[in-house]
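Enquirer: starting from these lines, generate the structure:
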Amino acid sequence: MNLQINNSKRFYIHTLGCKVNQYESQIMREMLVKSGYKECLSKDIADIYILNTCTVTHQADKESRHWVGIFHRTNPLAKIIVTGCFAENDADQISFLPGVSHIIKNSEKHRIAKYLDGSQVASDTTDATGLTIAGFQGHTKVFVKIQDGCENRCAYCKVPLVRGALKSKPVKNIIEECAALAKNGYKEIVLTGICLGAWGKDFFPGEMARTAGLSGVTLLDALKAINNIEGDFRIRLSSIEPRYVTDELIEFIANTPRICRHLHIPFQSGDDEVLKKMNRPYTTKEYKRIVDAVRSGIKDVAVTTDILVGFPGESVECFKNTVNFIKEIIPSRTHIFTFSKRDGTAAQAMSNEIDAETARRRYLTLKTVAMMASCIYRAKFVGRKLDVLVEAKRDRHSGLLTGYSGNYIKMLFEGSDELMKRVASVKITDITMMHTLGEIDGE
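Expert: Numbers count the residues shown, from 1 in each chain. Just a heads-up that it's a prediction; the model follows:
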């Protein structure tokens, strides 16, 4: 009897999508463990499956449905809990999938134990915005969610529909969380959010700010507070929209050694006509000016970005402009994804769709150009030493140690397991299209 009770509390979490989702999975994990549940490292022995979903593209939706099927086939008697962004607007669709017992909205993730226990969820008044984590399973670095929600209305993006209004974690909670994580030995804290640069914007909204004579709180205030925390760790920003990359932010990063020399600034298209249709609030000229300011202000900085290919109306000329823009910007890394029609977005009703084969060819072309840009950036560091945070696992293909430098160059190098989870000085010896090779300083 006791064995049966214990078995019914074994859970397995699978996370799809962004760093915010990964953070929220950790929140759920810690909440469940506190409530007496036990996590399984293998899905084969779990009785409760938790799928934290993404809905950025139709492929993400498809992957979510696929994982529900895997869980149900693995254990037809198990409870399957679906949460995340796919669960926000598509609950009816999910409810028909076999084995699904609960559908939980993003705002209810931290109450997952009450849903499973059959407790009174409505009586739980915990504010998820202020919740913190104690660690991050399986990671050398740790993600800290400090912001949720998005007020942008990019024509292709469903995220504002499923994430809602802006919500910022209070500075007090951020400091407590980061201080505890640093004390627990994490050497890199990655600040993340749905629209990270908008952190603090909801603290002094509208007339309230003007009456108080305040311009509002900005991400810079959060960075200054975290920088004052004692401990041996570095800070990385996960992604920041162009409008929030201010001269003040650039100057602070340049003068603060603890902050990684890396900014991920999405630009989505290198063509002004497409940017306007996307409802992106800048031109290619304005984006280039921001990148130039970042590079002139922060030595050795890495600029990474996102590109959306195949947006409706993207002509051959528009696509060529994007290719040429990547060649001009030279991002050290580029995340490329193909346009996917999303319900409720402005782009859903747009004509002049790009056929799948054309989109696929453009994706492959951009991927090649992006790889060349990465080589150009990394080649500048051959023969130089960089501080690398060594991962807790070796590269599964080569068996070498691996890790990222502060400016986001992934390295492969020989070394002992004792270096894992530590920052090591690594000299870059060579680069290939795919890899950056190095050796431990002094060896």
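Enquirer: show me where pLDDT drops low in the stretch 301-443 of the chain?
Expert: 442-443 (pLDDT under 70).
Enquirer: could you find the closest non-adjacent residue to the residue most central in space within the chain?
Expert: In the chain, the residue lying closest to the centroid (CA atoms, centre = their mean) is K19, at 3.3 Å. Nearest non-adjacent residue to K19, counting by CB to CB, 6 or more residues apart in numbering: T192, 4.2 Å away. For glycine as for every other residue, the C-beta is placed from the backbone atoms N, C-alpha and C.
Enquirer: equivalent analysis for A165, please.
Expert: G149 (4.9 Å).
Enquirer: on that earlier part again, in the sheet, who's paired with the residue nearest to K19?
Expert: Beta-bridge partners of T192, counted by DSSP bridges, are K145.
Enquirer: enumerate every residue touching it.
Expert: Counting by CB atoms under 8 Å, 6 or more residues apart in numbering, T192 touches 18-20, 23, 143-147, 238-239.
Enquirer: elements contacting the helix or strand that contains I103?
Expert: For I103, the host element (DSSP states H and E) is strand 100-104. Contact here means 3 or more CB pairs under 8 Å, 6 or more residues apart in numbering; DSSP states H and E; on that basis strand 100-104 packs against strand 79-84, helix 91-95, helix 112-117.
Enquirer: redo that, cut-off 6 Å
Expert: Other helices and strands packing on strand 100-104, by 3 or more CB pairs under 6 Å, 6 or more residues apart in numbering; DSSP states H and E, are strand 79-84, helix 91-95.
Enquirer: partners of it in the sheet?
Expert: Looking at strand 100-104 with DSSP bridges, its partner strands are strand 79-84 (parallel).
Enquirer: what's in contact with the partner strand?
Expert: Strand 79-84 has contacts (CB atoms under 6 Å, 6 or more residues apart in numbering) with 21, 48-53, 68, 71, 94, 99-104, 109.
Enquirer: burial of C157, as a residue count?
Expert: The local packing of C157 (other CB atoms under 10 Å) involves 20 other residues.
Enquirer: count of neighbours near the closest residue to it other than its chain neighbours?
Expert: Excluding the flanking residues, the one nearest C157 by CB to CB, 6+ apart is T345, at 6.4 Å. T345 has 20 neighbours, counted by other CB under 10 Å.
Enquirer: before we move on, what about F143?
Expert: Look at F143: counted by other CB under 10 Å, it has 23 neighbours.
Enquirer: pLDDT score for it?
Expert: On the pLDDT scale, F143 is placed at 96.
Enquirer: buried residues in the helix or strand where it lies?
Expert: Per DSSP H and E: F143 is located in strand 142-148. Residues 142-148 are the ones in strand 142-148 that count as buried (16 or more other CB atoms under 10 Å).
Enquirer: and which of these is nearest to V291?
Expert: Q147 (23.2 Å; CB to CB).
Enquirer: CA atoms only: put the longest helix belonging to the chain into CSV for me.
Expert: Secondary structure of the chain per DSSP state H: the longest helix is helix 356-379. This file holds the C-alpha atoms of helix 356-379, laid out as CSV (Å, rounded to 0.1, in the frame of the first residue of the first chain):
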residue,chain,number,x,y,z
ALA,A,356,7.5,26.1,-47.9
GLU,A,357,10.3,25.1,-50.4
THR,A,358,11.3,28.7,-51.0
ALA,A,359,11.4,29.3,-47.2
ARG,A,360,13.5,26.2,-46.7
ARG,A,361,16.1,27.3,-49.3
ARG,A,362,16.3,30.8,-47.8
TYR,A,363,16.7,29.3,-44.3
LEU,A,364,19.7,27.2,-45.6
THR,A,365,21.2,30.2,-47.4
LEU,A,366,21.0,32.3,-44.2
LYS,A,367,22.4,29.5,-42.1
THR,A,368,25.5,29.4,-44.3
VAL,A,369,26.0,33.1,-44.3
ALA,A,370,25.5,33.2,-40.5
MET,A,371,28.1,30.4,-40.0
MET,A,372,30.6,32.5,-42.1
ALA,A,373,29.8,35.5,-39.9
SER,A,374,30.5,33.5,-36.8
CYS,A,375,33.9,32.4,-38.2
ILE,A,376,34.9,35.9,-38.9
TYR,A,377,34.1,36.9,-35.3
ARG,A,378,35.8,33.9,-33.7
ALA,A,379,38.9,34.2,-35.9
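Enquirer: where does L308 fall, helix, sheet strand or coil?
Expert: Under the three-state scheme (DSSP: H, G, I helix; E, B strand; the rest coil), L308 adopts strand.
Enquirer: show me what it bridges to in the sheet.
Expert: Listed by DSSP bridges, the beta-bridge partners for L308 are F337.
Enquirer: just the buried residues of the contacts of strand 79-84.
Expert: 21, 48-53, 68, 71, 94, 99-100, 102-104, 109.
Enquirer: widest-spaced pair of these?
Expert: N21 and G99 (21.1 Å).
Enquirer: all helices for the stretch 1-150 of the chain, in order.
Expert: Using DSSP state H, counting those that start in this stretch, the helices of the stretch 1-150 of the chain run over 2-7, 19-34, 58-74, 86-89, 91-95, 112-117.
Enquirer: I meant to write the stretch 201-350 of the chain there.
Expert: 206-211, 219-227, 247-254, 272-278, 284-297, 316-329.
Enquirer: in the stretch 101-250 of the chain, where is pLDDT below threshold?
Expert: Those would be 120-125, 204-216, if you go by pLDDT under 70 across the stretch 101-250 of the chain.
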